[in-house]
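>>> structure for this input, please:
(one chain, ligands or ions: 1)
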Amino acid sequence: MRLYFERSIMMISKETQISIYWFSGTGNSLLIAQRIKDNLSAKDYSVSLFPIEKAKTAEIKTDNVTGFVIPVAMFGTYPFLWDFFNDLPETNGTQCFLVDTLQGYSGGLLGPVKKILKKKGYRTLAAVEIKMPNAFLKPRENKEKDQQIINSGLTEADKFCDVLINEQHSWFDIPFYSDLLSLGSRSKSVYNLYRAMFPLSISKEKCTACKTCVVLCPIKNWKLDDSSSIPVSDNRCNLCQRCIAYCPEKAIKIGKNETVQYKAMPFKELNKYLKNKML
Ligand SMILES: Cc1cc2nc3c(=O)[nH]c(=O)nc-3n(C[C@H](O)[C@H](O)[C@H](O)COP(=O)(O)O)c2cc1C
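This next block holds a predicted model:
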């Protein structure tokens, strides 16, 4: 766990609702968001989880403490998550916190997100990065090792809850290089390059047109011409891996080499949290 320091002393009152906005491609970030909710709820805080892809930014309540739990991607995060942060409403000191999940190095994502939130008037309380299993171009399966990493990640989430409620808040201003590194995921043209480097493909032999990918894609990149056809990628993919992780036929592939499917939780669990706008 790496904490970034900007000390602030601010009480999170038990009377204030805590809304956590989450996105998760393969389930890692949702596991962490669930853990934070369970931990704080057990301490009598009132916590709700909202999927970012279903959130209407104009309707976001600015009188709640607001948490964000998101994955790191390409030393930043997914383009549609940058859009989400940029579209958040202006606030008058809404207390917020940020958790990112990552495999190794985020490029300092917490810094540029903090800048956006501060500009919007948020009071940026605390942020943390939590290591979780790799979800991208996984060459082979190692369920035991992944489970160990998940267990450590959940422990880090518990520690972060202690930080939050014990008022030891910290969110470091990350130097300029974090803005520079995050540009790759913020720039539409660089992301086009990533799409070209890691092309998405679907096997006509394996696909049963079950529409799971169509339903699960957070940006509606998969299109169906008619109900029996094989979905077609609209070339707007953000590379979040959700369709690859949850395709029941393992028919979707990214990149040129063979990879294994990874998901941190079963489809039913993810879908339960996606279906209910608020849990
Ligand atoms: C397209 C893509 C890019 C990624 N880039 C990074 C990265 O730059 N640094 C890193 O530490 N992890 C990176 N990861 C790993 C994810 O951040 C990590 O597995 C995360 O926990 C996935 O969360 P999710 O299951 O909630 O989507 C990347 C994963 C994907 C799919």
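>>> so who does the residue at minimal distance from the centre of the chain touch?
Geometric centre of the chain, nearest residue: Ile70, 2.4 Å, by CA atoms, centre = their mean. Under the criterion of CB atoms under 8 Å, 6 or more residues apart in numbering, the neighbours of Ile70 are 22-23, 29, 52, 77, 81, 98-101. Just so you know, the C-beta spots here come from the backbone N, C-alpha and C atoms, and that holds for glycine as well.
>>> looking at strand pairing, list the partners for it.
On DSSP bridges, the residues paired with Ile70 through beta bridges are Asp100.
>>> separation between it and the ligand?
Using CB to the nearest ligand atom, to the nearest Å, one obtains 8 Å as the distance from Ile70 to the ligand.
>>> Ile202 now?
For Ile202, the distance to the ligand (CB to the nearest ligand atom) stands at 17 Å.
>>> please shift the residue numbers so they start at 12 in all later answers.
Will do, 12 is the new start, and the previous item becomes Ile213.
>>> contacts only, for that residue.
224, 241-242, 244, 262-264.
>>> got CSV for those residues, with secondary structure too?
Converted to CSV, the contacts of Ile213 look like this (DSSP: H, G, I helix; E, B strand; the rest coil):
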residue, secondary structure
Cys224, helix
Ile241, coil
Pro242, coil
Ser244, strand
Ala262, coil
Ile263, strand
Lys264, strand
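>>> reformat those residues as a markdown table; add pLDDT.
Shown next, in a markdown table, are the contacts of Ile213 (pLDDT from 0 to 100):
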| residue | pLDDT |
| --- | --- |
| Cys224 | 96 |
| Ile241 | 93 |
| Pro242 | 95 |
| Ser244 | 93 |
| Ala262 | 96 |
| Ile263 | 96 |
| Lys264 | 94 |
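>>> who's in contact with the closest residue to Ser244 other than its chain neighbours?
Distances taken as CB to CB, 6 or more residues apart in numbering put Leu211 closest to Ser244, at 5.0 Å, once the chain neighbours are dropped. With CB under 8 Å, 6+ apart as the criterion, the residues that contact Leu211 are 244, 248, 263-265.
>>> and Leu281, by the same measure?
35, 38, 41, 227, 257, 274.
>>> please narrow the residues you listed to those residing in helices.
Of the contacts of Leu281, the ones assigned to helices by DSSP state H are 41, 227, 257.
>>> most neighbours, which of these?
Taking other CB atoms under 10 Å to define a neighbour, the member of the ones in helices among the contacts of Leu281 with the most is Leu41, carrying 24 neighbours.
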